[in-house]
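> Starting from these lines, generate the structure:
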Amino acid sequence: MPLPLANARPGCDTIRAMQHPTEDELRRAYAGRRVLVTGHTGFKGAWLARWLLDLGADVTGYALAPDTSPSLYGLLDLGAHTRSHLADIRDLATLQRAVSEAAPDVVLHLAAQPLVRRSYAEPLRTLETNVMGTANVLEAVRATAKPCAVVVVTSDKCYENREHVFGYREDEAMGGHDPYSMSKGATELVVASWRRSFFDPARLAKHGVAVASARAGNVVGGGDWAEDRIVPDCVRALSRGEPIAVRNPRSVRPWQHVLEPLGGYLLLGAKLLGPDAAHHCEGWNFGPALDSTRTVRDVADALVGAWGSGRWEDHSDPAAVHEAKLLRLAIDKAYSRLGWAPRWDFARTFDETAAWYRAWSEGASPDALAKLCSAQIAAYAAGR
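Take a look at the predicted model:
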């Protein structure tokens, strides 16, 4: 069942898809621009690279090789359509060379260790990648000394989660119980520190680097095969005709299609390129409408329904590592100041997600899957 709107902070229940940048507006901002995407081999990064290519941007990517097979990066053949550097974000010297070569107008930094459960097994690597990796990106931009817009993507888990019923706002405390969440809170502090120390918005005319951060909810969509994520877990089970093992069916998350936050990142990047850039050098939430904040069991039900067959089983483990039970984002700021709002509701989000995976499971060619990505991007951008 959807959560009641009464749980929202004042104003959140009125946020709907009333405003959003059009495809033409984004094309005017990015066509011909040199854009560096870190993490372009990952799920979100591959979708973002595809969207930027469709907008006519000149895309450079920097990331480790994909760690899943299949991967969206491979299926979309992004290595052939971007200048792709397969390297580690922790390698500052290599990163600096890549940034210097790219000479970007826009940097969209998504490279990260993105998994909560993996962070328990690899806490130091998680910190090195997410915190020092971000510092490396900002230092590489500083060394290049070229005016540009920088959007650092963190996570809704950057906030100190008190399990309260209200959505977290951008001015609330950073925190994190698990190493992943803590690393994202620390990443936000790195961004704030570099902005104050080296990229002061009040002196933007002198240094030319506009820096903002972006925090999204739980992102879903076609082409994600990561471990320990509910949608890939569902798809693997459904495609094999097996019951879905659901670890935390009662946990509540803000679910959104991958195109929702990516549209927010692109809009924010466009604002940082504009004459009012200094007023947008802040942190921004890009979450779903309140009625898309649902339980994990709702997600499993939605995917089974959209798939047309299957079932799920409760595999809750009281001894499992800690994962937050309740998490919501307030998006009033992005709505009122950027003109951004989510477009696809919960049902549409999982219908589009299931349609992509169904095409893949039925043997669609990589070219057909790339066209399906572009078709979903075009439909989303057009508000259809």
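
> which strand in this protein runs the most residues?
Among all segments of the chain classified by DSSP state E, the strand with the greatest residue count is strand 209-216.

> what helices or strands is that one leaning on?
Applying 3 or more CB pairs under 8 Å, 6 or more residues apart in numbering; DSSP states H and E, one finds that strand 209-216 contacts helix 133-144, strand 148-153, helix 179-197, helix 259-273, strand 283-286. In short, each C-beta sits where N, CA and C put it, glycine included.

> partner strands of that strand, parallel or antiparallel?
strand 148-153 (parallel), strand 283-286 (parallel) (DSSP bridges).

> Quick one: closest of the helices and strands packed on strand 209-216 to Gly167.
Judged by CB to CB, the one of the helices and strands packed on strand 209-216 that comes nearest to Gly167 is strand 283-286, at 7.8 Å.

> Now tell me what touches the closest one from outside.
The contact list for strand 283-286 (CB atoms under 8 Å, 6 or more residues apart in numbering) reads 156, 167-170, 188, 191-192, 212-217, 256, 260-261, 264-265, 268, 329-331, 333-334, 338, 340.

> What of stretch 263-271?
With CB under 8 Å, 6+ apart, stretch 263-271 has contacts from 20-21, 25-26, 29-30, 48, 51-52, 55, 106, 108, 149, 151, 153, 212, 214, 216, 277, 280, 284, 286, 334, 338-340, 343, 380-381.

> follow-up on the earlier one: turn the helices and strands packed on strand 209-216 into a markdown table, including mean neighbour count, mean pLDDT and distance to Lys206.
Formatted as a markdown table, the helices and strands packed on strand 209-216 follow (neighbours: other CB atoms under 10 Å; pLDDT from 0 to 100; distance: least, CB to CB, whole Å):
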| stretch | mean neighbour count | mean pLDDT | distance to Lys206 |
| --- | --- | --- | --- |
| helix 133-144 | 21 | 98 | 13 |
| strand 148-153 | 26 | 98 | 14 |
| helix 179-197 | 20 | 96 | 14 |
| helix 259-273 | 25 | 97 | 16 |
| strand 283-286 | 24 | 97 | 23 |
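
> Would you state the strands of the stretch 51-200 of the chain in chain order?
Taking DSSP state E, counting those that start in this stretch as the test, the strands found in the stretch 51-200 of the chain are 58-63, 83-86, 106-109, 148-153.

> Just name the most buried of these.
Using mean count of other CB atoms under 10 Å, the stretch among those with the largest mean neighbour count is strand 106-109, at a mean of 28.

> which strands and helices sit next to that strand?
Going by 3+ CB pairs under 8 Å, 6+ apart, strand 106-109 lies up against strand 34-38, helix 133-144, strand 148-153, helix 259-273.

> can I get these in TSV with distance to His315?
Below are the helices and strands packed on strand 106-109 laid out as TSV (distance: least, CB to CB, whole Å):
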stretch	distance to His315
strand 34-38	34
helix 133-144	33
strand 148-153	30
helix 259-273	29
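
> what about these, which gets the closest to Arg247?
helix 259-273 (23.7 Å).

> can you give me how far the closest one is from the chain middle?
In this view, helix 259-273 has its centroid 11 Å away from the chain centroid, taken as CA atoms, centre = their mean, to the nearest Å.

> and Ile230, how many residues sit next to it?
23 (other CB atoms under 10 Å).

> which one is Ala354 nearest to, not counting chain neighbours?
Ala306 (3.5 Å; CB to CB, 6 or more residues apart in numbering).

> So that neighbour: helix, strand or coil?
helix (DSSP: H, G, I helix; E, B strand; the rest coil).

> who are the neighbours in contact with it?
Residues counted as contacts of Ala306 (CB under 8 Å, 6+ apart) are 350-351, 353-355.

> Which among those count as buried?
When the contacts of Ala306 are checked for burial by 16 or more other CB atoms under 10 Å, the buried set is 350-351, 353-354.

> where does the stretch 201-350 of the chain have low pLDDT?
317-325 (pLDDT under 70).

> residue ranges for the helices of it, please.
Under the criterion DSSP state H, counting those that start in this stretch, the stretch 201-350 of the chain contains helices at 204-207, 230-240, 259-273, 296-307, 332-333, 346-361.

> would you list the helices and strands packed on strand 209-216 in TSV and tack on distance to Trp225?
Shown next, in TSV, are those (distance: least, CB to CB, whole Å):
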stretch	distance to Trp225
helix 133-144	22
strand 148-153	20
helix 179-197	19
helix 259-273	18
strand 283-286	23
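
> Minimum distance to Gln113: which of these has it?
Comparing these by CB to CB, helix 179-197 comes nearest, at 7.1 Å.

> Nearest to Gly39, out of the contacts of Ala306: which one, please.
Of the contacts of Ala306, the one sitting nearest to Gly39 (CB to CB) turns out to be Thr353, at 20.2 Å.

> pretty sure the closest one contacts Trp307?
No - look at Thr353 against Trp307 with CB atoms under 8 Å: they stay out of range, at 10.0 Å.
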